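**Student:** need the 3D shape of this:
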Amino acid sequence: MPPPGANLEQACAQMTGWIVRIDPALEVHAGMTYEDELWDIRNYGVFKEIQPGDEVFFWVNGSNDKTGFRGYGRITTPLEELTPESRAKANWLNRDEGGYTHRFRFTGLSPEPTSSPTRFGELKAMLATALFDRATGHRITDEDDLEKLRSMYDDAPFKGWDFEYPTSDDETAQDPHTDYTHTPGVDSREQTLSAITVRRGGRKFRRSLITAYEGRCAIPDFDAEGALEGAHIDPYNGDETDHVQNGLLLRADIHTLFDLHQLAIDDDYRVILSEELRGSMYSDLHGASISLPANNAKRPSLAALERHRTRCRWLTAAHYS
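**Tutor:** Next up is the predicted model:
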């Protein structure tokens, strides 16, 4: 297994958002895209750097009362070229004559903002990022700008976070001195298998991981606590799965890739990437050793990690090399 590359942290440190502009004459598309969790584009060049884990904000652009932000989500796939079969799955009013060439998919985080600029000039004044009047989309990498965009949505997972974390071992979701056990088939909430449940983890669950990992992402060594989430290894199935051994402290985009089963961890606690991700900005992660809690009793369960790997359909012996 090769050692991790020198640019590991650099490759993963920057979070990216995208503002997608919608013609006010096609405002109905804003509702369609949030319901179908996909977006088709014409201008491939503007969006060619989209990656899973990026955030997307949909903006209806006009000069009337329709102008403003609509849905907000997290991108789950790279751009894919449209085929006649995939194009037919969209419900756009101009599906056949719109000239769409590519698609990305996303998970919806909030359908409507509680507040929004009502003119494009107001949006440009609000953000430090340069926005161009005729562009079909805008890439946002400035963290302050991303926080301003997220702040408009009450349901945004980046709002209302608890920044006071315990330093003792007392506040854990489950007793850390008892081993995590998995009970198949127990589920205390309804789940849709085709969707990722976007959650930072329950407060105690996340706090237990913040304490165990000393406030640093397991993949890579990233220490901005506000961007870290409690990721379940076995899917969340009630309180018994809120156990520190069933968790990893991950940055939001890495959490998404883990939940999408595009990234796995082997028995030596090293990262395995899907073939798709090996050719992306995340490539330096492949083979990297994850950061582990100093307390062995809080390290992730190898059995749970193995079950997660069985859900990675792409994973074969070749991917371990």
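
**Student:** first-to-last residue distance for stretch 36-53?
**Tutor:** End-to-end distance of stretch 36-53 (C-alpha to C-alpha, to the nearest Å): 18 Å.

**Student:** ugh, typo on my part, it should be stretch 118-135
**Tutor:** Using C-alpha to C-alpha, the end-to-end distance of stretch 118-135 comes out at 18 Å.

**Student:** centre of the chain to that stretch, how far?
**Tutor:** The chain centroid and the centroid of stretch 118-135 are separated by 25 Å, computed with C-alpha atoms, centre = their mean, to the nearest Å.

**Student:** what's around residue 17, how many residues?
**Tutor:** For residue 17, the number of neighbouring residues by other C-beta atoms under 10 Å comes to 22. In short, each C-beta sits where N, CA and C put it, glycine included.

**Student:** for it, give the beta-bridge partners.
**Tutor:** Beta bridges link residue 17 to residue 55, residue 140, judged by DSSP bridges.

**Student:** wait, what's in contact with it?
**Tutor:** If you count contacts by C-beta atoms under 8 Å, 6 or more residues apart in numbering, residue 17 has them with 54-57, 139-141, 145-146, 149.

**Student:** with the residues you listed in mind, which one is nearest to residue 242?
**Tutor:** Within those, the smallest distance to residue 242 is 25.7 Å, found for residue 55 (C-beta to C-beta).

**Student:** ok, now which ones touch that closest one?
**Tutor:** For residue 55, the contacting residues are 15-18, 72-75, 109, 146, 149-150, by C-beta under 8 Å, 6+ apart.

**Student:** residue 251 and residue 225 touch, don't they?
**Tutor:** No: the pair formed by residue 251 and residue 225 falls short of the contact definition of C-beta atoms under 8 Å, at 10.3 Å.

**Student:** which of the two has more neighbours?
**Tutor:** With neighbours defined as other C-beta under 10 Å, residue 251 and residue 225 compare such that residue 251 has more, 23 against 15.

**Student:** show residues contacting stretch 27-46.
**Tutor:** When contacts are defined by C-beta under 8 Å, 6+ apart, stretch 27-46 is touched by residues 20, 22, 47, 56, 58, 60, 66, 70-71, 73, 76, 79, 82, 87, 89-93, 95, 98-108, 111, 135-137, 139, 195.

**Student:** looking at those residues, which are in helices?
**Tutor:** Helix and strand membership here follows DSSP state H; of the contacts of stretch 27-46, those in helices are 47, 87.

**Student:** whichever of the contacts of stretch 27-46 end up buried, select them in PyMOL.
**Tutor:** For the buried members of these, the matching PyMOL selection, counting by 16 or more other C-beta atoms under 10 Å, is:
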select buried, resi 20+22+47+56+58+60+66+70+71+73+76+79+82+87+90+92+98+100+102+103+104+105+106+107+108+111+136+137
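
**Student:** out of the contacts of stretch 27-46, which are inside strands?
**Tutor:** Assigned to strands by DSSP state E, the following of those qualify: 20, 22, 56, 58, 60, 70-71, 73, 102-108, 137, 139.

**Student:** in contact with residue 289, which residues?
**Tutor:** 4, 268-271.

**Student:** now secondary structure too, for those residues, in a markdown table please.
**Tutor:** Compiled in a markdown table, the contacts of residue 289 are given as follows (DSSP: H, G, I helix; E, B strand; the rest coil):
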| residue | secondary structure |
| --- | --- |
| 4 | coil |
| 268 | coil |
| 269 | coil |
| 270 | strand |
| 271 | strand |
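
**Student:** most neighbours of all those, which one?
**Tutor:** For these, the largest number of neighbours (other C-beta under 10 Å) sits with residue 271, at 25 neighbours.

**Student:** show me the beta-bridge partners of it.
**Tutor:** Bridge pairing for residue 271 (DSSP bridges) gives the partners residue 265.

**Student:** what sits against it?
**Tutor:** When contacts are counted by C-beta under 8 Å, 6+ apart, residue 271 touches 219, 263-265, 285-290.

**Student:** may I ask which of those residues has the most neighbours?
**Tutor:** Neighbours here mean other C-beta under 10 Å. Within the contacts of residue 271, the largest count is held by residue 219, at 27 neighbours.

**Student:** SS state for residue 113?
**Tutor:** Residue 113 carries the three-state label coil when classified by three-state DSSP.
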